[in-house]
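> with the input below, show me the fold.
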Amino acid sequence: MLLCLTMAQSGMAKKAVSPNGLLSLQPHDDGFVVAYKGQVVLNIPSVGYEGKNAASLSALKKSRSLTDNYHMLIGKRLHCYNKANEYAVALGTGVRMVVRLYNDGVAFRYELSGLDDEPLPKETTTYLIPEGTKRWMQQWTDAYEGFFPLTTSYKQRAERGFSRPSLSPEGFNNHWGYPALIQPADGVFALITEANMEKLQSASSLFNDGERYKVCPDDNQLKFNGEWHSPWRVIIVGTLADVVQSTLVTDVSAPSQYHDIEWIKPGCVSWIYWAYNHGSNDYNIICKYVDMAVTLHLPYVLIDAEWDEMKDGKTVEDAINYAKSKGIKPMIWYNSSVGWVNGAPGPKYRLNKPEDREREFAWCEQLGVAGVKIDFFSGDTQMNMEYCIDLMESAARHHLLINFHGATIPRGWQRTYPNLLTTEAVYGAEWYNNVPTFTNKAAAHNATLPFTRNVIGPMDYTPCTFSDSQHPHITSNAHELALTVLYESGLQHLADKPESYLAQPEEVQQFLGHLPSVWDETRFVCGYPGELAVLARRNGDTWWVAGINGTDAQKTVNLNLDFLRKPHNIQVFEDGDSKSQLWNIHSAEVVPSLMKLQPRGGFVFVVKTTH
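Next comes the predicted model:
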């Protein structure tokens with residue numbers, strides 16, 4: 001079995017190493033293996049392109065050392081820095097492979113030259129995930145809305161209700177979306193994804209044949225002349241803390257070329273859809289959510305779908321003006337009109353043509369709209385990637401924030417296009433509206449997302465619902481409150497109805513009114529996918545520590561929070577002990593080091609510190 005190999009036994013060529021020496025890569029046959037602290041983590045048995053490879057990977061040579069130091073407007077940390085050793089090898093005529101080893105992972109891409117009005121060749125990159133290896137992988141859908149169940153086998157049946165399932169001859173699902181998390185050894189993890197998506201590229205996903213998971217770019221109808229390069233194939237490697245805290249996806253993505261960014265303001269949003277399972281064609285309901293934003297001190301309100309069909313003689317301009325009159329910045333929804341169109345809500349076909357898009361966004365800017373939520377895309381094709389980039393670029397020209405829904409996962413665009421503040425691409429609280437399945441699976445799913453989907457970029461899960469939607473939830477109040485901190489999103493959409501939030505204790509309302517949506521740093525405290533997730537995030541001199549129990553059993557959790565230096569003014573939110581006492585909110589003189597979590601429960605500490 002692969003994991004029995006050691007680097008010393010393999011008899012391979014000279015290895016490439018990360019700056020700290022803990023991560024290494026060695027050529028092996030037609031591919032290479034990635035090792036962490038001398039132990040093989042991932043075998044990549046094939047790289048390159050069909051009919052293009054001619055040279056041995058043993059010719060891989062170091063080309064340079066890299067250091068990067070940059071700032072983000074959102075994410076796990078605002079100040080990012082990294083080091084990497086870069087290596088390169090010519091795989092054949094016109095094909096060059098570039099490999100970077102960072103302290104927290106490996107990134108590689110292909111650079112093609114000499115193209116002569118021809119389509120791209122077929123990529124052969126393959127990851128070997130042996131049977132018996134723990135993995136958390138999502139069945140691919142065009143909107144990346146699925147669970148990440150823990151399994152040890154590729155033999156998984158396709159989940160019902162998902163669009164376009166792909167099945168192997170054995171009848172198992174064989175199409176998987178990023179990110180894919182594996183645990184090849186005790187305490188060692190690898191998260192597979194990709195980054196730095198550009199207009200001439202399609203995004204990829206994984207198709208497996210047994211243990212072999214092949215990187216398959218989606219449809220790209222273009223023909224190329226001269227040079228082209230692929231996105232970065234990314235593998236984050238190390239402990240769970242290394243994976244959760246990694247910024248590798250943005251590290252390898254192109255820096256922003258925007259100079260005017262003062263208008264880009266992350267924040268929390270009052271959101272209508274979850275409570276009513278409907279859009280925003282009712283002016284009076286929109287006003288309720290504006291008023292909630294005022295009471296809770298939220299900067300934004302989202303006017304969702306169907307605003308082009310406003311009832312009772314009202315218009316979206318009326319709703320926008322009401323929000324502005326209350327000091328709340330309005331955002332509005334659009335149908336991308338490339339995915340779900342027939343039977344879908346509108347407005348439709350307003351953004352597809354460049355001239356229509358510019359006119360629509362200019363209208364938004366003139367009215368004082370702060371941003372747009374664009375929904376219902378159709379997958380990972382080159383056409384969709386270029387359309388998304390066009391939307392972000394056009395929106396930036398008109399000072400509009402972007403929230404992509406029903407869309408592909410973030411692949412570093414949050415660095416290149418800083419007006420992209422969040423993306424859905426997650427099986428989130430909205431699904432309480434759709435199917436009963438979510439009720440019993442939500443707690444474990446919620447405790448998996450910090451280790452999978454949210455690692456790679458902002459995630460619009462629409463958290464924190466204390467009441468029920470179409471289908472009930474059985475997670476606790478403190479569990480729901482904790483999601484607002486556990487889940488990083490530059491626009492954090494609070495999904496519950498106004499009367500539910502305003503019925504909560506005053507401390508909870510104040511919590512939501514002061515909730516940051518940007519973080520100076522993020523630390524993994526403890527946890528394991530599907531069972532427990534505890535993270536700490538800092539905004540200025542205040543730490544927000546949040547934890548959730550993903551299981552149906554009570555948990556006692558030991559917390560090592562020694563990094564909270566000189567804590568004072570500690571506020572604790574945890575579950576009450578009965579149906580009549582849903583909250584236990586109190587101050588503490590010292591930061592708790594031991595917490596008892598109810599089944600599907602949670603907690604949050606708000607800790608002010610003195611430096």
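> contacts, neighbours, all on C-alpha from now
OK.
> quick one: the helices in the stretch 301-450 of the chain?
In the stretch 301-450 of the chain, the segments counted as helices under DSSP state H, counting those that start in this stretch are 316-325, 354-367, 382-397, 413-416, 437-446.
> now for the fourth one, which elements pack on it?
Under the contact criterion of 3 or more C-alpha pairs under 8 Å, 6 or more residues apart in numbering; DSSP states H and E, helix 413-416 touches helix 248-251, strand 420-423.
> re the thing from before, and the helices of the stretch 301-450 of the chain, which is most packed in?
Highest mean neighbour count among those (mean count of other C-alpha atoms under 10 Å): helix 413-416, with a mean of 25.
> got a list of what Asp380 touches?
Residues in contact with Asp380, defined by C-alpha atoms under 8 Å, 6 or more residues apart in numbering, are 142, 202-204, 218-219, 408.
> 6 Å instead, please
By C-alpha atoms under 6 Å, 6 or more residues apart in numbering, Asp380 lies in contact with 203, 218.
> quick revisit: so which of the helices of the stretch 301-450 of the chain gets nearest Asn103?
helix 413-416 (20.1 Å; C-alpha to C-alpha).
> so Ile585 is in which element?
Assigned by DSSP states H and E, Ile585 belongs to strand 581-588.
> let's have the helices of the stretch 301-450 of the chain in a markdown table, adding mean pLDDT and distance to His175.
Listed next are these as a markdown table, based on pLDDT from 0 to 100; distance: least, C-alpha to C-alpha, whole Å:
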| stretch | mean pLDDT | distance to His175 |
| --- | --- | --- |
| helix 316-325 | 98 | 41 |
| helix 354-367 | 98 | 33 |
| helix 382-397 | 98 | 18 |
| helix 413-416 | 98 | 24 |
| helix 437-446 | 97 | 20 |
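> which one of those lies nearest to Glu506?
Comparing the helices of the stretch 301-450 of the chain by C-alpha to C-alpha, helix 316-325 comes nearest, at 23.7 Å.
> hmm, back to that, need the winner for burial among the helices and strands packed on helix 413-416.
Sort those by mean neighbour count, taking mean count of other C-alpha under 10 Å, and strand 420-423 sits at the top with a mean of 29.
> contacts for that strand next, please.
The contact list for strand 420-423, computed with C-alpha under 6 Å, 6+ apart, reads 402-405, 414, 458-460, 489-491.
> go again with 7 Å.
Contact with strand 420-423 is made by 266, 392, 401-405, 409-410, 414, 458-460, 489-491, as judged by C-alpha atoms under 7 Å, 6 or more residues apart in numbering.
> which one of those has the most neighbours?
Counting neighbours by other C-alpha atoms under 10 Å, the top entry in the contacts of strand 420-423 is Ile409, with 32 neighbours.
> in CSV, list the helices of the stretch 301-450 of the chain along with distance to Lys373.
Formatted as CSV, these follow (distance: least, C-alpha to C-alpha, whole Å):
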stretch, distance to Lys373
helix 316-325, 15
helix 354-367, 12
helix 382-397, 11
helix 413-416, 15
helix 437-446, 23
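> torsion angles phi and psi at the residue of the chain most remote from its centre?
Residue farthest from the centre of the chain, counting by C-alpha atoms, centre = their mean, is Gly313 at 39.5 Å. Main-chain torsions, Gly313, degrees, to the nearest 10: phi 80, psi 10.
> quick revisit: could I get the helices and strands packed on helix 413-416 as CSV with mean pLDDT and distance to Leu481?
As requested, these are exported to CSV (pLDDT from 0 to 100; distance: least, C-alpha to C-alpha, whole Å):
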stretch, mean pLDDT, distance to Leu481
helix 248-251, 98, 28
strand 420-423, 98, 19
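> now tabulate these in CSV and tack on distance to Gln470.
Output for those, formatted as CSV (distance: least, C-alpha to C-alpha, whole Å):
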stretch, distance to Gln470
helix 248-251, 36
strand 420-423, 24
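> among the ones you listed, which is nearest Lys76?
Closest to Lys76 of those, according to C-alpha to C-alpha: helix 248-251, at 10.7 Å.
> what does the closest one contact?
So helix 248-251 is contacted by 195, 411-412, 415, 456 (C-alpha under 7 Å, 6+ apart).
> filter those residues down to just the ones in strands.
Using DSSP state E, Ala195 are the members of the contacts of helix 248-251 that sit in strands.
> of the contacts of helix 248-251, which is the most crowded?
Within those, most neighbours by other C-alpha under 10 Å means Ile456, with 30 neighbours.
> in which helix or strand does Phe573 reside?
Here Phe573 is assigned to strand 567-578, by DSSP H and E.
> now that strand and strand 581-588, what's the angle there?
Using axes from the mean of the first three to the mean of the last three C-alpha atoms, to 10 degrees, the inter-axis angle of strand 567-578 relative to strand 581-588 is 160 degrees.
> which strands and helices sit next to strand 567-578?
If you count contacts as 3 or more C-alpha pairs under 7 Å, 6 or more residues apart in numbering; DSSP states H and E, strand 567-578 packs onto helix 477-486, strand 581-588, strand 602-609.
> follow-up on the earlier one: how about the residue farthest from the centre of the chain, what does it touch?
Contact partners of Gly313, counting by C-alpha under 7 Å, 6+ apart, are absent.
> just Pro463 next, same as before
Counting by C-alpha under 7 Å, 6+ apart, Pro463 touches 429, 480, 483-484, 493-495.
> pull the most distant pair out of those.
Top of the distance list for the contacts of Pro463 (C-alpha to C-alpha): Glu480 and His493, 13.0 Å.
> buried stuff in the helix-or-strand element of the chain with minimal mean pLDDT?
In the chain, the helix or strand scored least confidently by mean pLDDT, DSSP states H and E is helix 273-276, which has a mean of 89. Residues of helix 273-276 classed as buried by neighbour count (16 or more other C-alpha atoms under 10 Å): 273-275.
> what's the answer for stretch 367-384, then?
Judged by neighbour count (16+ other C-alpha under 10 Å), stretch 367-384 contains these buried residues: 368-384.
> can you lay out the helices and strands packed on strand 567-578 as CSV showing mean neighbour count, distance to Gln510 and mean pLDDT?
Below are these laid out as CSV (neighbours: other C-alpha atoms under 10 Å; distance: least, C-alpha to C-alpha, whole Å; pLDDT from 0 to 100):
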stretch, mean neighbour count, distance to Gln510, mean pLDDT
helix 477-486, 26, 12, 98
strand 581-588, 14, 12, 96
strand 602-609, 24, 12, 97
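> could these go into a markdown table alongside distance to Val47?
Output for the helices and strands packed on strand 567-578, formatted as a markdown table (distance: least, C-alpha to C-alpha, whole Å):
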| stretch | distance to Val47 |
| --- | --- |
| helix 477-486 | 36 |
| strand 581-588 | 54 |
| strand 602-609 | 44 |
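> can you say which of the ones you listed is nearest to Gly21?
Of all the helices and strands packed on strand 567-578, helix 477-486 sits nearest to Gly21, with 31.1 Å by C-alpha to C-alpha.
> now the angle from that closest one to strand 602-609?
For helix 477-486 against strand 602-609, the angle by the same axes, to 10 degrees is 50 degrees.
> name the helices or strands packed onto helix 477-486?
Counting contacts by 3+ C-alpha pairs under 7 Å, 6+ apart, helix 477-486 packs against strand 542-549, strand 567-578, strand 602-609.
> what do you get if the cut-off is 10 Å, keeping everything else the same?
Counting contacts by 3 or more C-alpha pairs under 10 Å, 6 or more residues apart in numbering; DSSP states H and E, helix 477-486 packs against helix 437-446, strand 491-494, helix 506-514, strand 532-539, strand 542-549, strand 567-578, strand 581-588, strand 602-609.
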